[in-house]
Structure formats: structure tokens, C-alpha cells
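> Requesting a structural model of the entry that follows:
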Amino acid sequence: MGPTVVIVDDHAGFRSMARRLLEDAGFDVIGEAGDGASAVAAVNALSPHLVLLDIQLPDMDGFAVAEALSAAGSPSVIVLTSSRAAADYGLRLARSPARGFLAKADLSGRSLTELLEAAG
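Numbers count the residues shown, from 1 in each chain. Below is the predicted model of the structure:
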């Protein structure tokens, strides 16, 4: 089994597509969440190695979720994702406790593995 993952996105279709991509690449998707509060609860309950976290969520943005997880001492690696480009978020990405960012269009098991390896 590969690294465990919780996928957080408010669009069920994206969660389903991301699950297929990641599982095909050897990741073990152990949970999903559709909003920030559910994401925090799922990560606390499941302790995944990785959280694939959409920035645009209905209740709180991905930056706030990442801050909440970090403040709670979560050891999970957080990778933010969005349909928008990284440049649209400017310094917020650099200041975030997330390990990295992947545009949704670039998501693949390989791109995620490369990001994790590059980030240490």
C-alpha cells in the first residue's frame, strides 16, 4: 500500500476523478471531505500521510483548513489544489503551512509524488 490520502474538494466529480488517478498511481485514498469542517474532522480521525486540499471550499478556504490542521499539530502533508493558477494566490501560498500546490489540471500520481519528493 502507498501513502494514505484524504481528498478535500466540494465537487464530488473532482473527488472521484482524483481518487481514480491517485489509486491508479499507488496511493491509498482513505477518506474524502466536501468542506473545511469535514476536512478537519476527517484528518483528525484518519491521520493520513497526505491531504489533497482544494483552496475554494464552501465554509472556509483551504488556507484556513491548512492553518487549523497545522495549529492542531497534524503530521499530515498538505498539498493545496485549485482550478486557478498558483500565481493567483501570491504570497498566501508561500505563507501557508502547506507543503506545495498543484493545479487541478496538472494533478496526477506522478506530479504529486514529484512534488512530495521535491518538498522533502
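
> ok, now how distant is Ala71 from Val51?
Relative to Val51, Ala71 is positioned 14 Å away (C-beta to C-beta, to the nearest Å). C-beta coordinates here come from the backbone N, C-alpha and C atoms, glycine included.

> what's the answer for Leu102, then?
Separation of Leu102 from Val51 (C-beta to C-beta): 12 Å.

> who touches both of those two?
Val79 (C-beta atoms under 8 Å, 6 or more residues apart in numbering).

> could you pull out the strands for the protein?
Using DSSP state E, the strands of the chain run over 4-8, 28-33, 50-54, 77-82, 100-103.

> Return the most buried member of the ones you listed.
strand 50-54 (a mean of 27; mean count of other C-beta atoms under 10 Å).

> and that one with strand 28-33, angle?
Angle, strand 50-54 to strand 28-33, by axes from the mean of the first three to the mean of the last three C-alpha atoms, to 10 degrees: 40 degrees.

> if I pick the nearest residue to Ile55 once chain neighbours are set aside, what's in contact with it?
Among residues not flanking Ile55 along the chain, Gly62 sits closest, at 3.9 Å (C-beta to C-beta, 6 or more residues apart in numbering). Residues counted as contacts of Gly62 (C-beta under 8 Å, 6+ apart) are Val8, Gly36, Leu53, Asp54, Ile55, Gln56, Leu80, Thr81, Ser82, Ala98.
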